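> After the sequence you'll find the predicted model.
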Amino acid sequence: MELAILPNISAPALEKTFIKPATVETAASISLDSVPPKEFFYLGKKTLKIDRMITLFEGGYAAETVDNAISILTRIIAKGGNLPGVFIADGSNNLAAINKLANFVSGHEALVNVPLVLESSDIEAEQMAQYKNCKFIDDIISIDDVAEKFTQRVVFLRKIKNKKHHATFQKSIQTKTPKKVDYNYVLKRSLDISVAATSLILLSPIFLLISIAIKLESRGPVFYISKRAGRGYRIFNFYKFRTMEMNADKKVNELKNLNQYSVSDTGGPVFFKISNDPRISKFGSFLRNSSLDELPQLINVLIGDMSLVGNRPLPLYEAATLTTDEWAPRFLAPAGMTGLWQIKKRGHGDMSAEERISLDICYADKHNFMYDLWIMANTPTAVFQKSNV
């Protein structure tokens with residue numbers, strides 16, 4: 001791929017602009033829709049990462065320091081030049097630097113909808129939890145692991161941040177909600193708060209015992225925290241007890257041939273689940289089969305990210321494949337700890353991705369307080385199961 005340095009931007013070392021001369025796009029014409037981004041902006045010092053991103057994008061920018069990045073962006077905006085479609089911060093940057101870049105981006109209308117992604121391939125496991133709690137980071141991705149699917153992830157993040165897309169989606173939700181007081185919502189939220197708060201208090205000794213057991217079995221954090229998409233594609237930090245070995249996320253590509261869900265080459269929904277997953281620890285297997293690993297999600301319920309009953313919040317790489325009109329309605333329902341899929345088909349290895357989504361859409365169409373009570377009443381029989389999940 002031919003690269004050229006724009007003549008109006010001069011900077012030392014890696015503070016360079018990489019772009020194919022024939023693909024210049026002005027700030028006024030860039031559109032944050034379903035089109036994959038053409039340019040990236042990399043904050044870091046690793047030339048190998050830049051080389052990797054050049055193979056995924058048509059061009060881009062790179063800066064070693066956040067001050068130089070802001071200087072370059074200021075000149076791009078002033079001159080009406082190419083706007084990046086995604087910001088990629090290397091894991092070697094400290095949080096203060098990434099936060100400074102995020103504050104600059106959020107303060108400029110031309111950049112406010114551009115996602116900020118943390119490149120995670122060089123981040124130590126102990127640091128990961130700290131980064132995952134940062135709300136100004138839209139996603140944490142290892143480019144080496146997701147490869148060509150990286151741009152698909154970026155498109156999904158851009159859709160979420162795009163104000164027009166968000167407003168359209170919110171309007172579709174409002175048409176399903178009466179303007180008068182929604183008693184179903186009031187009852188549902190009241191039940192969520194009371195049950196979650198009471199359970200967290202009563203189950204605190206169980207939390208302590210599980211935490212000790214996890215620490216005794218393997219090194220690493222007690223909780224597994226990941227970005228998930230809930231109702232309306234809203235992204236939040238999702239909590240579970242850690243049941244896998246460290247860096248299990250980085251082994252997805254190695255194990256994709258074991259995925260129990262068939263993946264079509266022509267696109268469509270993509271889920272990833274392995275029966276008898278080799279990454280799961282012995283104690284983790286017990287936690288999963290007893291569903292005790294789900295208990296920390298009571299925190300998500302209490303703060304309003306999730307409900308006791310709803311559709312499962314999805315990892316972003318799965319949610320990114322469900323933005324079409326056919327599949328998006330499953331995101332009209334709240335994210336939940338248990339739901340129709342859990343009591344109908346959980347643990348059934350022969351279930352297709354389409355069947356699972358159909359159940360989610362069915363719940364989204366029918367959900368109300370009494371229906372939730374019925375699902376909760378049928379959940380205990382699905383908790384302890386013979387198949388490994």
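It's in. Note that this is a predicted model, so its numbers are computed, not measured. Numbering: from 1, shown residues only.
> where along the stretch 51-200 of the chain do the helices fall?
Residue ranges of the helices in the stretch 51-200 of the chain, as given by DSSP state H, counting those that start in this stretch, are 66-79, 95-106, 125-132, 143-146, 150-161, 163-174, 183-202.
> do you know which of these lies nearest Leu332?
helix 163-174 (6.1 Å; Cβ to Cβ). (Glycine included, C-beta is placed from N, CA and C.)
> For the stretch 51-200 of the chain, which residues score under the pLDDT cut-off?
Scanning the stretch 51-200 of the chain for pLDDT under 70 picks out 125-126, 129, 145-148, 163-180.
> quick revisit: so which of the helices of the stretch 51-200 of the chain is the most surrounded?
Of the helices of the stretch 51-200 of the chain, the one with the most neighbours on average (mean count of other Cβ atoms under 10 Å) is helix 150-161, at a mean of 21.
> Now tabulate the helices of the stretch 51-200 of the chain in CSV and tack on distance to Leu43.
Listed next are the helices of the stretch 51-200 of the chain as CSV, based on distance: least, Cβ to Cβ, whole Å:
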stretch, distance to Leu43
helix 66-79, 5
helix 95-106, 6
helix 125-132, 14
helix 143-146, 14
helix 150-161, 15
helix 163-174, 24
helix 183-202, 38
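> Of all the ones you listed, which one is nearest Glu245?
helix 125-132 (10.0 Å).
> So for Ile299, what's the nearest residue that isn't a sequence neighbour?
Tyr239 (5.5 Å; Cβ to Cβ, 6 or more residues apart in numbering).
> Return the residues in contact with the one you found.
223-225, 296-297, 299-300 (Cβ atoms under 8 Å, 6 or more residues apart in numbering).
> Return the distance of it relative to Ser226.
Look at Tyr239 and Ser226: by Cβ to Cβ, to the nearest Å, they are 9 Å apart.
> of all the helices of the stretch 51-200 of the chain, which lies closest to Ala377?
Nearest to Ala377, of all the helices of the stretch 51-200 of the chain, is helix 183-202, at 13.0 Å by Cβ to Cβ.
> tell me how far the helix or strand just after that closest one is from the chain's mean position?
Under the assignment DSSP states H and E, the closest C-terminal helix or strand after helix 183-202 is helix 204-217. Chain-centre distance of helix 204-217: 27 Å, with Cα atoms, centre = their mean, to the nearest Å.
> quick one on the thing from earlier: what's the closest of the contacts of Tyr239 to Thr198?
Top of the list for closeness to Thr198, among these and by Cβ to Cβ, is Ile299 at 13.5 Å.
> Compare the contacts of Tyr239 and tell me which has the most neighbours.
Asn300 (24 neighbours; other Cβ atoms under 10 Å).
> So that residue, which state does it fall into?
helix (DSSP: H, G, I helix; E, B strand; the rest coil).
> which residues touch it?
236, 238-239, 306, 335 are the contacts of Asn300 under Cβ under 8 Å, 6+ apart.
> try 7 Å this time
By Cβ atoms under 7 Å, 6 or more residues apart in numbering, the contact set of Asn300 is 238-239, 306.
> got a pLDDT number for it?
Here the pLDDT value assigned to Asn300 is 96.
> circling back to that earlier point, filter the contacts of Tyr239 down to just the ones in helices.
Counted as lying in helices by DSSP state H, out of the contacts of Tyr239, are 297, 299-300.
> which one among the residues you listed gets closest to Arg158?
Nearest to Arg158 among the ones in helices among the contacts of Tyr239: Asn300, at 24.9 Å, using Cβ to Cβ.
> And the closest one, how far from Phe238?
Taking Cβ to Cβ, one finds Asn300 at 7 Å from Phe238.
> what's the answer for Trp374, then?
In terms of Cβ to Cβ, Trp374 sits 25 Å off from Phe238.
> Same question for Ser352.
Ser352 is 24 Å from Phe238, by Cβ to Cβ.
> So those two - more neighbours on which side?
Relative neighbour count places Phe238 above the other of Ser352 and Phe238, with 24 against 14, counting by other Cβ under 10 Å.
> List of residues touching stretch 212-226?
125, 129, 132, 211, 237-242, 245-246, 281, 283, 296, 315.
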